[in-house]
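**Student:** what's the 3D shape of this:
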Amino acid sequence: MLLNERETLERVLQSVGPLGVENVSIWDSRNRVLARDVIAAVALPRFDNSTMDGYAVRAEDAIQGARLVVGGEQAAGVDAGLSVGQGQAIRIFTGAPIPRHADAVVMQEDADLRDGVIFLRESVTRGENIRVRGNDLCEGQVVAFGGSVLTGPKLAAIASQGVSELPVFERPRVAILATGSELRSQGETINAGQIYETNRIMLAELVASSGSQGQIFSIVPDTEAAHLESFEQARGSDVIVVAGGVSVGEKDLVKPALLRLGAKLDLWRVAVKPGKPFMFGHLGRTLVFGLPGNPVSAFVTFLLFARPALWKLGGRSSFDLPRARARLAESLVNHGERPHYLRGVYANGIFKAVGRQESHALFALSLANALCRLEPDQTIAADTLVDVIPL
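**Tutor:** Residues are numbered from 1 along each chain as shown. Below you'll find the predicted structure:
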């Protein structure tokens with residue numbers, strides 16, 4: 001049965017759950033997926049402090065033309081425990097704690113200092129130039145939610161809490177295979193009828209950008225013995241991704257080899273272009289994704305079905321691919337019976353299809369940075385607003 005994209009993705013995700021949890025140093029947690037919420041125990045800012053160099057004052061005293069006696073100095077660092085009396089000011093620096101009884105800071109540019117006395121050029125209001133304790137983050141507030149990816153700014157916010165270790169989901173371990181006796185590795189001599197294999201290096205990057213650890217296996221020639229041996233070696237991984245050999249030809253040996261090893265195949269084909277030959281199943285506890293051998297088909301099917309599964313397996317809370325609105329630079333047509341993902345360039349809010357749109361057109365794919373989906377037998381006029389998937 002030929003399933004549509006939604007049914008295919010639903011069936012894949014129903015079979016996937018997150019892996020285990022491990023504690024890692026916050027320094028080693030970049031781009032990992034947080035397993036539990038991080039709750040603030042430290043307010044940001046931790047104390048009222050000055051936003052600039054100047055003078056801490058009582059706002060009621062700090063009117064234009066006022067004369068205030070400087071009674072001390074507070075630098076950023078340890079709180080000196082100073083207090084501002086009436087008619088006084090404390091020299092203060094950016095980030096320094098606000099002295100007691102001060103409720104404003106006069107910029108140093110707005111005061112003239114002579115013999116320990118400042119003369120104010122401008123008035124200030126209560127709270128001016130002060131960062132108030134907890135106005136960015138309060139105790140008990142969620143700093144980061146479980147299931148979120150730990151990017152630099154998020155890690156910085158967590159680091160403000162003094163946390164040294166974080167609970168993160170384990171990264172999925174993905175075996176990456178490609179089948180075909182016509183394939184050769186880079187650096188090898190190729191003869192007539194042979195080509196250099198390209199899917200594994202592309203899939204390795206896609207796997208890594210999906211938060212997983214990829215292991216590249218040797219090219220699998222078109223023999224049953226080679227398929228059985230390769231799948232047997234790969235079954236210790238959390239996921240197997242294999243490109244090629246998933247159609248119905250005599251040399252398409254992925255399905256029979258997996259079945260011989262006891263795999264359960266949940267689905268076989270999907271109504272999408274490029275990428276109709278697509279397989280998903282289980283080899284024991286290992287998820288198996290069979291992708292078409294044509295590189296564009298392998299890319300699109302991985303993006304639509306394998307990437308969301310890896311995200312869920314790795315603990316992410318959201319599996320939706322990013323979307324953006326774009327205006328078409330030209331009309332686009334799909335004469336086929338399946339939805340077609342056209343490759344193109346998305347820039348400055350404009351999408352333009354690029355290069356040949358056949359499933360083998362690797363160079364055209366390399367020029368693209370977005371996909372645009374067309375329904376079966378659909379024509380979209382130039383200048384129409386559409387959704388695109390940025391790559």
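**Student:** alpha carbons only for contacts and neighbour counts from here, please
**Tutor:** Fine.
**Student:** average pLDDT for the helix or strand where residue 68 lies, rounded please.
**Tutor:** Under the criterion of DSSP states H and E, residue 68 resides in strand 67-74. Average pLDDT, strand 67-74: 96.
**Student:** so which elements touch it?
**Tutor:** strand 88-92, strand 117-120 (3 or more Cα pairs under 8 Å, 6 or more residues apart in numbering; DSSP states H and E).
**Student:** looking at these, spot the one closest to residue 292.
**Tutor:** strand 88-92 (66.4 Å; Cα to Cα).
**Student:** any idea how far that closest one is from the chain center?
**Tutor:** 47 Å (Cα atoms, centre = their mean, to the nearest Å).
**Student:** likewise for stretch 326-334?
**Tutor:** Counting by Cα atoms, centre = their mean, stretch 326-334 comes out at 28 Å from the chain centroid.
**Student:** end to end on it, go ahead and measure it.
**Tutor:** 18 Å (Cα to Cα, to the nearest Å).
**Student:** show me which positions of that stretch end up buried.
**Tutor:** For stretch 326-334, the neighbour count (16 or more other Cα atoms under 10 Å) marks 326, 327, 328, 329, 332, 333, 334 as buried.
**Student:** can you tell me how far the last one is from residue 319?
**Tutor:** Residue 334 sits 27 Å away from residue 319, going by Cα to Cα.
**Student:** ok, residue 262 - contacts?
**Tutor:** Residue 262 sits next to 283, 284 when contact means Cα atoms under 8 Å, 6 or more residues apart in numbering.
**Student:** does the residue nearest to residue 46 when sequence neighbours are not counted count as helix, strand or coil?
**Tutor:** Computed as Cα to Cα, 6 or more residues apart in numbering, the closest residue to residue 46 that is not its neighbour in sequence is residue 133, at 5.5 Å. At residue 133 the chain is in coil, as set by DSSP: H, G, I helix; E, B strand; the rest coil.
**Student:** what is the burial count for residue 133?
**Tutor:** 15 (other Cα atoms under 10 Å).
**Student:** quick one, what contacts it?
**Tutor:** Contacts of residue 133 (Cα under 8 Å, 6+ apart): 43, 44, 45, 46, 47, 48, 49.
**Student:** the fourth one touches residue 131, doesn't it?
**Tutor:** Spelled out, it's residue 46. No: with contact defined as Cα atoms under 8 Å, residue 46 and residue 131 do not form a contacting pair (9.8 Å).
**Student:** which one's more surrounded, those two?
**Tutor:** Per other Cα under 10 Å, whichever of residue 46 and residue 131 has more neighbours is residue 131, with 21 against 18.
**Student:** the more buried one and residue 36, how far apart?
**Tutor:** For residue 131, the distance to residue 36 - Cα to Cα - is 30 Å.
**Student:** and residue 52, by the same measure?
**Tutor:** Distance from residue 52 to residue 36, by Cα to Cα: 37 Å.
**Student:** for residue 366, same thing?
**Tutor:** From residue 366 to residue 36 the distance is 38 Å (Cα to Cα).
**Student:** more neighbours: which of those two?
**Tutor:** Using other Cα under 10 Å, the more surrounded residue of residue 366 and residue 36 is residue 36, with 16 against 13.
**Student:** show me where the stretch 101-250 of the chain has its helices.
**Tutor:** 152-159, 199-209, 224-234 (DSSP state H, counting those that start in this stretch).
**Student:** give me the residues contacting the shortest one.
**Tutor:** Judged by Cα under 8 Å, 6+ apart, the contacts made with helix 152-159 from elsewhere in the structure are 26, 30, 38, 143, 144.
**Student:** same deal with the second one?
**Tutor:** Identification of contacts with helix 199-209 by Cα under 8 Å, 6+ apart yields 174, 176-178, 213-216, 243, 293, 295, 298-299, 307.
**Student:** now the helices and strands packed on strand 67-74 in a markdown table, with mean pLDDT and mean neighbour count?
**Tutor:** Below are those laid out as a markdown table (pLDDT from 0 to 100; neighbours: other Cα atoms under 10 Å):
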| stretch | mean pLDDT | mean neighbour count |
| --- | --- | --- |
| strand 88-92 | 97 | 25 |
| strand 117-120 | 95 | 20 |
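**Student:** distance to residue 155 added to these, as JSON lines?
**Tutor:** JSON lines is the format used below for the helices and strands packed on strand 67-74 (distance: least, Cα to Cα, whole Å):
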{"stretch": "strand 88-92", "distance to residue 155": "30"}
{"stretch": "strand 117-120", "distance to residue 155": "42"}
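**Student:** nice, that's everything, thank you.
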